[in-house]
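[1] Need a 3D model of the sequence below.
(2 chains)
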Amino acid sequence: MASPRSRTSYFFSLGGRRGVAVSCMVAGAMVLGHPAAAGAAESPGDGCPVVAAARGVQVTATASDNILLATPTGAGVPVAQSCVDHGLQDSSAYAGNPYPGETVLALPGMLRTDSGQDIPDYPAHVASRHPAEQESRVDEQGYSLRASSDANSSDASARSGLDSDAARAVVTLAESGSRVDPDEGSATATARSDTQPLAIDDVLQLGRVRATASASVDGTGDRERESSLDIGRTTVAGEAVTITGDGVRATGDGIALPETDPAEALEAAGIHVGYLEESHTPHGVLSAGIEIVAEQQHPDTGATYQVRYVLGRAFAAAGEVSDTAVGGGPALDGAAAGTAAERRAAAGAGGTGPNGDSPTADGAPGDPGEATAPEGAEAPEQALAAPEEGELLSHPVDMGMRGTYLVTVLAALVMLTSATLLRVLGVRARWTS
Amino acid sequence: MDLVTKLRSQWDRLLAVATAIAAAGTLVAGWFGVSGTPYPAEQLPYLISGGVGGLFLLGISAALWLSADLQDEWRKLDRIERAIRERAS
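    Predicted coordinates:
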């Protein structure tokens, strides 16, 4: 057994090696606490600060006797979305017709990998991202899609329909544009949705629906939001009506009001028409829209079939542009705070959000004290209170490459520390039994 | 023991030091590569080559150094065995 003196000297002799180990651990802690690492972790990631999204018609169907349609399933026809994140130097856009959501878009690639078969990609979708793919375009019979991106701007447009000149042809258009001027520190996002006349169950003849949304912010932080919704001549059972927040009303204009209340006529046909109010988010605006729910019941089986249309939704948001660009730090003031809300609003206007949220979600969060959220929207507190803390752990790439690299360096330091401890305590330790 | 013999006997430690220096250099170079571009597509090769490559080199270095320590133990055991045999004979 070693004497106290020899043991003391032994511990002192280990001092240098322990110093190495302790230094490694301290260095690791410093790496974790470094502002660059912290900045990388706080990066807005998939919350796009300057984003515009538009959707022609969102169609969602349910059928109680069909297992595939037991839950609401649908797509936006068509959808266009553009995003510029100056802080991350990311600029991207996409357009789809119909846009089925990220899950369906990723499915062919997954099946290709698993089966080894040559499965083609979803055809009615284009995407661009600077600098990898600056422009993408598809022109096919029945639809035309375009997406383009450069360093400071992205544009997307999607058009569906056979012939815009043909009477009663359902032609829809969705356009979005996002641009940033780094020199002036300004940003602009615009979105437009245009749907040609649409007939539902031969009872409701909806006129042309045009929705626009724009948001801009200048170098001083002054923000402007504008949105509009124009609905063309609309008739219910041949009678002209207007659709407002108060409901469906017959238009008098000196002509005798119809004997039948248009709302009753719609209800008799199983159609519900609702007006979705304009909604403000911290950095943007979601335009007003129209919701039409057509419900039918099978006379024999009692099965219920429901089709829900949402028309005229355009969303635009512009976060403030900071001078600090490139890298891990958040470049947009308050962008992180508005991320969750605006992602949901963009998903409501233009299909899925960056996380692949369901395009059927039509609600948008309201801005406390500014506007009423549309029907079905989450409460403002719920929408804004959760920047999804657990999201970073479930999506480690959101840390950014810098953050990932620092984690790798930390792993190297941990390995060095472990090897040193193994050497000091396992190999070089004296035999004292 | 001359220098060449000493270096030859400590080849694993020398190699461990060399790979540790190479690992440090690779990690630093990788960091400059990753922080030099904002595009993930351009950062990814640096992450793999610099980060994972540096990690791999550091692992080799640690293994070599531990191997050298173990060889010291075996040399000491050899010396003890030789001394016991000489005393016994």
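
[2] Do you know the pLDDT at B:Ile60?
    On the pLDDT scale, B:Ile60 is placed at 92.

[3] That one: what's it in contact with?
    Going by Cβ atoms under 8 Å, 6 or more residues apart in numbering or on different chains, B:Ile60 touches B:Ala16, B:Thr19. Every residue, glycine included, has its C-beta placed from N, CA and C.

[4] tell me what the helix or strand A:Pro78 falls within is packed against?
    Take DSSP states H and E as the rule and A:Pro78 turns out to sit in strand A:73-85. Under the contact definition 3 or more Cβ pairs under 8 Å, 6 or more residues apart in numbering or on different chains; DSSP states H and E, strand A:73-85 sits against strand A:50-63, strand A:90-96, strand A:143-149, strand A:153-160, strand A:172-181, strand A:186-195, helix A:335-350.

[5] interface residues of chain B facing chain A?
    By Cβ under 8 Å from any Cβ of the partner chain, the part of chain B that sits against chain A consists of B:23, B:27, B:30-31, B:34-35, B:38-41, B:43-44, B:46-47, B:50-52, B:54-55, B:58-59, B:62-63, B:65-66, B:69-70, B:73.

[6] quick one: low-confidence ranges for the stretch 251-400 of chain A?
    Under the criterion pLDDT under 70, the flagged ranges of the stretch 251-400 of chain A are A:252-260, A:322-398.

[7] And the closest residue to A:Gly207 other than its chain neighbours, how close does it get to A:Thr251?
    Using Cβ to Cβ, 6 or more residues apart in numbering or on different chains and skipping the chain neighbours, the partner closest in space to A:Gly207 is A:Gly232 (2.5 Å). Distance, A:Gly232 to A:Thr251, using Cβ to Cβ, to the nearest Å: 13 Å.

[8] Check the chain for its longest helix and report it.
    If you meant another chain, say so; for now it's chain A. Ranked by residue count under DSSP state H, the longest helix found in chain A is helix A:400-421.

[9] meant chain B actually
    Per DSSP H, chain B has its longest helix at helix B:53-88.

[10] Quick check: buried residues in that one?
    Neighbour counts over helix B:53-88 (16 or more other Cβ atoms under 10 Å in any protein chain shown) mark B:53-55, B:57-62, B:64-66, B:68-69 as buried.

[11] any idea of the pLDDT on residue 8?
    Because you didn't say which chain, this covers chain A. We note a pLDDT of 36 for A:Thr8 in this prediction.

[12] Chain B was what I was after
    With respect to pLDDT, B:Arg8 scores 84.

[13] Quick one: neighbours of it, just the number.
    For B:Arg8, the number of neighbouring residues by other Cβ atoms under 10 Å in any protein chain shown comes to 11.

[14] State the distance from it to B:Leu14.
    9 Å.

[15] Just the closest residue of the stretch 51-200 of chain A to chain B, please.
    As assessed by Cβ to the nearest Cβ, chain B sits closest to A:Gln89 within the stretch 51-200 of chain A, at 3.8 Å.

[16] Contact residues of chain A facing chain B?
    By Cβ under 8 Å from any Cβ, the residues of chain A that approach chain B are A:88-90, A:131-132, A:325-327, A:400-402, A:404-405, A:408-409, A:411-412, A:415-416, A:418-419, A:422-423, A:427-428.

[17] Kindly give a single ChimeraX line that selects the buried subset of these.
    Only the buried members of the residues of chain A next to chain B enter the following ChimeraX selection, criterion being 16+ other Cβ under 10 Å:
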select /A:88,89,90,325,327,400,401,402,404,405,408,409,411,412,415,416,419,423
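
[18] returning to what we had before: my guess is the residue of the stretch 51-200 of chain A closest to chain B contacts B:Tyr39, does it?
    Yes - with contact defined as Cβ atoms under 8 Å, A:Gln89 reaches B:Tyr39; the gap is 6.8 Å.

[19] residues touching the closest residue to A:Val236 other than its chain neighbours, list them.
    Spatially, and ignoring its direct neighbours in sequence, A:Val236 is nearest to A:Pro262 (4.0 Å; Cβ to Cβ, 6+ apart). A:Pro262 makes contact with A:Val236, A:Ala237, A:Glu239, A:Val241, A:Val248, A:Arg249, A:Ala250 under the criterion Cβ under 8 Å, 6+ apart.

[20] for B:Ser49, same thing?
    By Cβ under 8 Å, 6+ apart, the contact set of B:Ser49 is B:Thr26, B:Gly30, B:Gly33.

[21] how about the helices of chain A, start to end?
    For chain A, the helices defined by DSSP H cover A:4-13, A:15-33, A:35-42, A:102-115, A:262-268, A:335-350, A:380-385, A:391-394, A:400-421.

[22] Any idea how far the helix or strand encompassing B:Leu15 is from the middle of the chain?
    According to DSSP H and E, B:Leu15 maps onto helix B:11-35. Distance of helix B:11-35 from its chain centroid, counting by Cα atoms, centre = their mean, to the nearest Å, is 10 Å.

[23] Which helix or strand lies directly C-terminal to that helix?
    Note on helix B:11-35: by DSSP H and E, the next helix or strand toward the C-terminus is helix B:40-46.

[24] Can you tell me what sits against that following helix?
    A:Ala132, A:Gly400, A:Met401, A:Arg402, A:Tyr405, B:Gly30, B:Gly33, B:Val34, B:Thr37.

[25] For A:Gln306, see how far away the last one is.
    Read that as B:Thr37. 50 Å.

[26] For the two, indicate the residue with more neighbours.
    Each of B:Thr37 and A:Gln306 has its neighbours counted (other Cβ under 10 Å); A:Gln306 has more, 18 against 15.

[27] That one bridge partners, please.
    A:Thr62, A:Glu295 (DSSP bridges).

[28] State the distance from it to A:Thr73.
    Separation of A:Gln306 from A:Thr73 (Cβ to Cβ): 11 Å.

[29] Give the residues shared as contacts by those two.
    Between them, A:Gln306 and A:Thr73 share these contacting residues under Cβ under 8 Å, 6+ apart: A:Ala61, A:Thr62.

[30] rewinding a little: take the helices and strands packed on strand A:73-85 and lay them out in a markdown table including distance to A:Val217.
    Output for the helices and strands packed on strand A:73-85, formatted as a markdown table (distance: least, Cβ to Cβ, whole Å):
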| stretch | distance to A:Val217 |
| --- | --- |
| strand A:50-63 | 9 |
| strand A:90-96 | 17 |
| strand A:143-149 | 20 |
| strand A:153-160 | 15 |
| strand A:172-181 | 10 |
| strand A:186-195 | 5 |
| helix A:335-350 | 11 |
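
[31] For B:Leu3, find the nearest of these.
    B:Leu3 sits nearest to strand A:90-96 of all those, at 56.4 Å, using Cβ to Cβ.

[32] can you list contacts of that closest one?
    By Cβ under 8 Å, 6+ apart, the residues outside strand A:90-96 that reach it are A:48, A:76, A:78-85, A:105, A:122, A:124-130, A:145-158, A:174, A:176, A:178, A:351, B:38.

[33] Show me which of those are buried.
    For the contacts of strand A:90-96, a burial check counting by 16+ other Cβ under 10 Å picks out A:48, A:76, A:78-85, A:105, A:124-130, A:145-149, A:152-158, A:174, A:176, A:178, A:351, B:38.

[34] before we move on, back to that, what remains of the contacts of A:Pro262 if I keep only buried residues?
    Among these, those classed as buried by 16+ other Cβ under 10 Å are A:Val236, A:Ala237, A:Glu239, A:Val241, A:Val248, A:Ala250.

[35] Show only the entries of those found in strands.
    When DSSP state E defines the strands, the subset of these inside them is A:Val236, A:Glu239, A:Val241, A:Val248, A:Ala250.

[36] hmm, which two among the residues you listed are most spread apart?
    Farthest-apart pair in those is A:Glu239 and A:Val248; separation 10.2 Å (Cβ to Cβ).
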